[in-house]
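Asker: Structure, please.
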Amino acid sequence: MTFRLFGCVCGQFHSPGAGMGMAGERVSVPIPFYVLEHPDGVALFDCGLPTAMCDRSESYLKALQTQDLDVTLTPEETLTSHLQRLDIDPAKVRFAVLSHLHFDHAGGLRELPNATVVVQRREWEAGFDREASQHYGLRKRYFDLGHAVELVDGEHDLFGDGSAVCIPSFGHTPGHQSLRVRSRQGDHILVGDACYHCGVVESRQFPEYSDQVAMNRALDALLALREERTVMVFGHDPDQWGARPVLPGTRA
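Answerer: Next up is the predicted model:
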């Protein structure tokens with residue numbers, strides 16, 4: 001089996017434009033995760049929203065709405081549905097590499113019962129620190145589920161062959177990481193929320209709660225890794241995912 005990379009969209013995030021560093025009173029952006037099909041096992045980079053958010057009465061979804069935020073998820077967009085279309089058994093996923101512990105990146109963990117969670121040590125520790133977890137919105141109900149956890153410090157070669165390497169990109173949260181993927185499809189840097197979309201490369205309009213200095217440093221370091229054919233895949237960039245999403249309460 002050759003090494004293959006797939007991108008999947010697990011719902012949409014709806015926010016005031018300023019919160020995403022975008023023009024417009026209100027915007028919708030994709031919530032992606034990525035599937036790495038490697039000869040030594042299947043790995044995911046992030047795992048999208050929890051399936052429970054297909055139900056509009058889900059408790060944290062209601063809490064988001066009080067902050068003028070929202071997400072939408074259909075049964076066809078869930079992590080398990082995407083994996084089934086790729087003919088991958090969720091129970092056989094070997095690694096769940098998390099860029100960080102926000103609910104829209106760790107929420108699908110419940111659907112990966114046997115995966116080892118690969119996360120930066122400082123991110124995991126922040127998730128269990130009361131002050132840090134409250135400041136950055138790291139909620140244990142979505143990531144502290146009893147999985148085996150591999151804590152890494154800095155760069156980490158996931159399969160030991162250079163095909164998938166975790167790159168620390170701290171700032172959005174204390175231990176955010178990105179992933180550099182090398183395959184026959186080319187060199188991809190899965191940036192995660194170190195940069196929401198391509199416009200932020202120029203504007204450097206980062207979330208207010210994040211460490212602005214660290215985010216600038218991390219983004220510069222990621223950009224310096226680019227080679228001639230490198231594709232930078234940003235965290236929530238509508239222009240990289242084709243069709244424009246539909247806002248809640250409207251029809252396509």
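Asker: contacting residues around the closest residue in space to Val149 that isn't next to it in sequence?
Answerer: Leaving aside its chain neighbours, Val149 sits nearest to Val117 (4.7 Å; criterion: C-beta to C-beta, 6 or more residues apart in numbering). C-betas here are computed from N, CA, C, even on glycine. Taking C-beta atoms under 8 Å, 6 or more residues apart in numbering as the contact definition, Val117 lies against Ala96, Leu98, Leu109, Phe143, His147, Ala148, Val149, Glu150.
Asker: out of those residues, which one sits closest to Gly171?
Answerer: Proximity of those to Gly171, judged by C-beta to C-beta, is greatest for Leu98, which lies at 15.8 Å.
Asker: For that closest one, give its distance to Val27.
Answerer: Distance of Leu98 to Val27, given as C-beta to C-beta, to the nearest Å: 24 Å.
Asker: More neighbours: which of those two?
Answerer: A direct count of neighbours by other C-beta atoms under 10 Å for Leu98 and Val27 places Leu98 higher, at 28 against 22.
Asker: Report pLDDT for that one.
Answerer: On the pLDDT scale, Leu98 is placed at 99.
Asker: Make sure it is actually in contact with Gly107.
Answerer: No: in this structure, Leu98 sits apart from Gly107 without contact. The criterion is C-beta atoms under 8 Å, and the distance is 10.4 Å.
Asker: any common contacting residues for these two?
Answerer: When contacts are counted by C-beta under 8 Å, 6+ apart, Leu98 and Gly107 are jointly contacted by Cys47.
Asker: other SSEs contacting the longest helix seen in the chain?
Answerer: When the chain is parsed with DSSP state H, its longest helix is helix 212-224. Taking 3 or more C-beta pairs under 8 Å, 6 or more residues apart in numbering; DSSP states H and E as the contact definition, the neighbouring helices and strands of helix 212-224 are strand 164-168, helix 199-203.
Asker: Let's see that with 10 Å instead.
Answerer: The contact analysis (3 or more C-beta pairs under 10 Å, 6 or more residues apart in numbering; DSSP states H and E) places helix 212-224 against strand 164-168, strand 177-183, strand 186-192, helix 199-203.
Asker: Give me the buried positions along the third one.
Answerer: This points to strand 186-192. For strand 186-192, the buried set under the neighbour-count rule, 16 or more other C-beta atoms under 10 Å, comprises Asp187, His188, Ile189, Leu190, Val191, Gly192.
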